[in-house]
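Chemist: Next input, structure requested:
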Amino acid sequence: QVQLVESGGGLVQAGGSLRLSCAASGRTFSSYSLGWFRQAPGKEREFVAAITWSGISTYYRDSVKGRFTISRDNAKNTVYLQMNSLKPEDTAVYYCAARGSTPTYRPIDYSYWGQGTQVTVSS
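Modeler: Predicted structure coming up:
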């Protein structure tokens with residue numbers, strides 16, 4: 001079992017930055033791939049970024065490449081999402097999720113989810 005708790009969301013102006021954190025409980029955190037997803041009002045949940053258990057491989061949706069960076073610290077049981085050059089279209093609830101296998105882009109493939117943190121980017 002893995003429990004996930006996100007933090008770091010908030011209101012920021014376009015062009016600004018935020019760093020999201022996701023703290024995990026469970027002794028096997030380091031064996032899970034971690035992903036960040038987001039969901040805007042009236043839209044489906046979508047993939048943002050993912051990282052393998054080792055942290056060696058990372059994956060991003062095209063619209064955030066070069067602006068967002070996913071990283072993890074297995075000693076702290078925490079995964080991060082550094083978001084720079086934020087745009088109004090990045091506004092959404094951001095969720096972290098864990099999967100006991102290689103990362104995928106599909107929310108349905110992830111077994112554990114946090115409660116989400118709101119990110120609002122004003123224009």
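Chemist: Pairing-wise in the sheet, spell out the partners of the residue most central in space within the chain.
Modeler: Centroid-nearest residue in the chain: residue 36, 2.3 Å away (criterion: C-alpha atoms, centre = their mean). Per DSSP bridges, the residues bridged to residue 36 are residue 49, residue 96.
Chemist: Next, the contact list for it, please.
Modeler: 20, 22, 48, 49, 50, 70, 79, 81, 94, 95, 96, 97 (C-beta atoms under 8 Å, 6 or more residues apart in numbering). C-beta: built from backbone N, CA, C; applies to glycine.
Chemist: residue ranges for the strands of the protein, please.
Modeler: Using DSSP state E, the strands assigned to the chain run over residues 3-7, 10-13, 18-25, 33-39, 46-51, 58-60, 68-73, 78-83, 92-99, 112-113, 117-122.
Chemist: Just give the number of residues close to residue 34.
Modeler: Using other C-beta atoms under 10 Å, residue 34 is surrounded by 29 other residues.
Chemist: again with residue 44
Modeler: Neighbours of residue 44 (other C-beta under 10 Å): 8.
Chemist: same check, this time on the one 4 residues further on
Modeler: Residue neighbour count, defined by other C-beta under 10 Å, stands at 25 for residue 48.
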